[in-house]
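[1] coords below, sequence missing:
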């Protein structure tokens, strides 16, 4: 199963395409209604508008048999902790080895922004990033299928 932190996810179409190819169910979690394909394997879960409601819902439902797609580093840390495969939309994996540095960097950037330092937002996804994501998602699905 693939869980999608959907509110700011730029690769939803890619997820649907790969999931369909592999007949893998997808749970799209959002704070508000968003359009999803009419497919019995794709389910939309709309949670409350509270700031971490989608993250909390995903973290409560995910385990080591699941893939999570998110850019949210604290959510990624929670999911990595239970053994889920966690992918960023650019195809990079969050792992036990990388999540500590990612959290530290996120916290530093939050502190810098709070102090008034101007920081750039994330760069837009390139065609290469989307290609890397497709490949990483395909590999993650195959890895989970081999484990079961």
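    Noted; the coordinates are in hand. Since the model is a prediction, treat every value here as computed from it, not as a measurement. Residues are numbered from 1 along each chain as shown.
[2] chain center to the lengthiest helix in the chain, what's the gap?
    Counting residues, the longest helix found in the chain (DSSP state H) is helix 127-147. The chain centre lies 13 Å from the centre of helix 127-147; the measure is C-alpha atoms, centre = their mean, to the nearest Å.
[3] For stretch 58-69, measure first residue to last.
    10 Å (C-alpha to C-alpha, to the nearest Å).
[4] ditto for stretch 68-84
    7 Å.
[5] I'd like to know the average pLDDT value across that stretch.
    Averaging pLDDT along stretch 68-84 gives 94.
[6] okay, and the helix or strand of the protein with the least pLDDT?
    Ranked by mean pLDDT, DSSP states H and E, the helix or strand of the chain with the weakest confidence is helix 96-114, at a mean of 66.
[7] so where's this protein uncertain?
    Where the chain drops to pLDDT under 70, the residues are 100-113, 118-122.
[8] And the strands in it?
    2-5, 26-30, 42-46, 67-69, 85-87, 93-94 (DSSP state E).
[9] Thanks a lot, catch you later.
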